[in-house]
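Novice: got a predicted structure plus its sequence, pasted below:
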Amino acid sequence: MDGNGRWAKQRHMPRTVGHAKGAAGVRDLVKACADQGVRYLTLFAFSTENWGRPSDEVSTLMGLFIQYLEKEMKAMQAEGVRLNVLGDISAFPAELQQRIEATQNATVHNHTITLNVAANYGGRWDIVNAVQRWSAANPGVSAENMTEPDLAQHLSTAGMLDVDLLIRTGGESRISNFLLWQVAYAELYFTDVLWPDFDTLQLQQAFTWFASRERRFGTVAP
């Protein structure tokens, strides 16, 4: 979800206003995805590299996350949204950790759509963490015996489908350490639209583009 800061700068506002505006549109996009039959939606909210941003911006992002969980709990329950946070939340303030755990527990039996929020997440971290988990679960076993399915079972997305469509807003054409393992055969959709302006119409345009793609997964066309 890229472009919050630039959206605010264009309007001569603090970057934090852009983040607030970007968060405000999430509910409509989650609902639109659920209505289209999307089973998993993953939003990259805060990367492991984002700690390098100004402290006031980081603090605002933490506060917005808490507010989002407070405001959206009932809506998630009503609409069958399961919240799942990907990443190391131990670095977050205690209040945020508690809110995350409470919301995950309260929505664990919802099945309409799983909303993954990648927070303090990095694709490289995910892979290293998975290797460490595999090693802990298989003491004394050589890594030569590890297969791709074995490792996948220890990723933060274990049990979920790999990414079909990756959308990046804001005009940048890079993955930026997002779900590196899981996007191996994803279709990559880059748009110049800044995240606060990315609405359900923009989402439908991305879906239409995706529907036109011929996916071969390394084989030849039928």
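Specialist: Sure thing, it's come through.

Novice: doesn't residue 177 make contact with residue 124?
Specialist: Yes. Here residue 124 reaches residue 177: they are 6.1 Å apart, a contact under CB atoms under 8 Å. For every residue, glycine as well, the C-beta is placed using N, CA and C.

Novice: the helices in the chain, which residues?
Specialist: The residue ranges that make up the helices of the chain, judged by DSSP state H, are 4-10, 15-24, 26-35, 55-79, 94-107, 123-137, 148-152, 200-211.

Novice: out of those helices, nearest to residue 219?
Specialist: When these are ranked by proximity to residue 219, the top entry is helix 148-152, at 17.4 Å, counting by CB to CB.

Novice: list the contacts of the residue nearest to residue 192 when sequence neighbours are not counted.
Specialist: Beyond its immediate neighbours in the sequence, the residue positioned closest to residue 192 (CB to CB, 6 or more residues apart in numbering) is residue 171, lying 4.3 Å away. Residue 171 is in contact with 2, 3, 190, 191, 192, 194, counting by CB atoms under 8 Å, 6 or more residues apart in numbering.

Novice: between those, which is closest to residue 10?
Specialist: Lowest distance from residue 10 to those (CB to CB) belongs to residue 194, with 8.1 Å.

Novice: how much space between the closest one and residue 3?
Specialist: Per CB to CB, to the nearest Å, residue 194 is found 3 Å from residue 3.

Novice: got any residues that touch both of these two?
Specialist: Counting by CB under 8 Å, 6+ apart, the residues touching both residue 194 and residue 3 are 169, 170, 171.

Novice: and which of those is nearest to residue 26?
Specialist: Taking CB to CB as the measure, residue 26 lies nearest residue 169 of these, at 12.7 Å.

Novice: ok, residue 5 touching residue 15?
Specialist: Yes. Distance between residue 5 and residue 15: 4.0 Å, which falls inside the contact criterion (CB under 8 Å).

Novice: more neighbours, those two?
Specialist: Summary of the neighbour comparison: residue 5 and residue 15, criterion other CB atoms under 10 Å, with residue 5 having more neighbours (21 against 17).

Novice: dump the residue contacts of that one.
Specialist: Residues counted as contacts of residue 5 (CB under 8 Å, 6+ apart) are 15, 18, 19.
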